[in-house]
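[1] Generate a structure from the sequence data that follows.
(chains A and B)
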Amino acid sequence: EPEVTQTPSHQVTQMGQEVILRCVPISNHLYFYWYRQILGQKVEFLVSFYNNEISEKSEIFDDQFSVERPDGSNFTLKIRSTKLEDSAMYFCASSSFQPNTGELFFGEGSRLTVL
Amino acid sequence: AQKITQTQPGMFVQEKEAVTLDCTYDTSDPSYGLFWYKQPSSGEMIFLIYQGSYDQQNATEGRYSLNFQKARKSANLVISASQLGDSAMYFCAMRDPDHNQFYFGTGTSLTVIP
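    Numbers count the residues shown, from 1 in each chain, chains lettered A, B, ... in the order given. Sure, this is the predicted structure:
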């Protein structure tokens, strides 16, 4: 069964460092997303990506964040200068073309710990 | 504005009993999709069930069913014959095709008691 894969599963970094989280969405999906979940809290939307550009982004997704699809398979989230409050589980997700029936397929998440 | 509301932060159910997890949503778009996801303690998000706004019948997937009441804008998840492995967080979500977003509720923590 096709799945979304994310690397790394866990990353520990120092405050102020750059972090890149990587995702390989399901191959025939066209919509890609990043969500984050601070421990024990709700799942928060960060950004959606379609047709090689950002289609929506939340207030959380400020200038410190960027996304890229560098090679047609990987989908990356970069945090330029991490803050303590960036510590969270980051989920990548993808969905098919169908706007209403395509559920989000989530990766297993990348846990980021900022010290 | 809050798009998805889950008013039950925590629920308990006896093993083998049925439980209903509440979800209400807010949209003015006639076309939308409603989803439920399960998040066990391991952290992954597992898709459970989908209901389209134009679907005439309530969705069912095994022990999961969705009680869709469009006029009340509610999409409650019913889990029948609860099992210990059902203990997890459950998130209701809505897909907004106009904004290419999924909106998630705050989740309900379900504990199944032996």
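[2] which neighbours does the helix or strand encompassing residue B:35 have in its sheet, and in what orientation?
    Element membership for residue B:35 (DSSP states H and E) is strand B:33-39. Neighbouring strands of strand B:33-39 in its sheet, by DSSP bridges, are strand B:46-52 (antiparallel), strand B:88-96 (antiparallel).
[3] Tell me which of those is the most buried.
    Ranked by mean neighbour count, these are led by strand B:88-96 with a mean of 24 (mean count of other C-beta atoms under 10 Å in any protein chain shown). Backbone N, C-alpha and C define where each C-beta goes, glycine included.
[4] that older thread, and the strand holding residue B:35, how far out from the chain's middle?
    5 Å (C-alpha atoms, centre = their mean, to the nearest Å).
[5] quick revisit: what's the closest of the strands paired with strand B:33-39 to residue B:108?
    Of all the strands paired with strand B:33-39, strand B:88-96 sits nearest to residue B:108, with 5.0 Å by C-beta to C-beta.
[6] Not counting the next helix or strand after the closest one itself, show me its contacts.
    Per DSSP H and E, strand B:88-96 leads on to strand B:101-104 as the next helix or strand towards the C-terminus. Here strand B:101-104 makes contact (C-beta atoms under 8 Å, 6 or more residues apart in numbering or on different chains) with A:33, A:35, A:42-45, A:48, A:56, A:93, A:104, B:3-4, B:25, B:35, B:91-96.
[7] So the helix or strand following strand B:101-104, near chain A or not?
    With elements assigned by DSSP H and E, the helix or strand that comes after strand B:101-104 is strand B:108-113. No. Using C-beta under 8 Å from any C-beta of the partner chain, strand B:108-113 stays clear of chain A, with a minimum separation of 9.3 Å.
[8] Would you mind checking the contacts of strand B:101-104 for buried ones?
    Neighbour counting with 16 or more other C-beta atoms under 10 Å in any protein chain shown marks A:33, A:35, A:42-45, A:48, A:56, A:93, A:104, B:3-4, B:25, B:35, B:91-96 as buried within the contacts of strand B:101-104.
[9] sorry, back to before: tell me the buried residues in the strand holding residue B:35?
    B:33-39.
[10] how about CSV for those residues, with pLDDT added?
    Shown next, in CSV, are the buried residues of strand B:33-39 (pLDDT from 0 to 100):
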residue, pLDDT
B:33, 89
B:34, 93
B:35, 93
B:36, 96
B:37, 95
B:38, 96
B:39, 93
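[11] coming back round to it: with just CA atoms, put the strand holding residue B:35 into PDB.
    In PDB, the C-alpha atoms belonging to strand B:33-39 read as follows (Å, rounded to 0.1, in the frame of the first residue of the first chain):
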ATOM      1  CA  GLY B  33     -15.800  16.600   2.900                       C
ATOM      2  CA  LEU B  34     -15.700  15.400   6.500                       C
ATOM      3  CA  PHE B  35     -13.200  12.900   7.900                       C
ATOM      4  CA  TRP B  36     -12.300  11.200  11.100                       C
ATOM      5  CA  TYR B  37      -8.700  10.300  12.000                       C
ATOM      6  CA  LYS B  38      -7.400   8.200  14.900                       C
ATOM      7  CA  GLN B  39      -4.100   9.000  16.600                       C
END
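[12] Need the residues that contact that strand.
    Against strand B:33-39 from outside (C-beta under 8 Å, 6+ apart): A:99-104, A:106, B:21, B:23, B:25, B:45-53, B:64, B:66, B:68, B:75, B:77, B:86, B:88-95, B:97, B:102, B:107.
[13] Residue numbers of chain B in contact with chain A?
    B:31-33, B:35, B:37, B:43-45, B:47, B:50, B:52-53, B:91, B:93, B:95, B:97, B:99-107.
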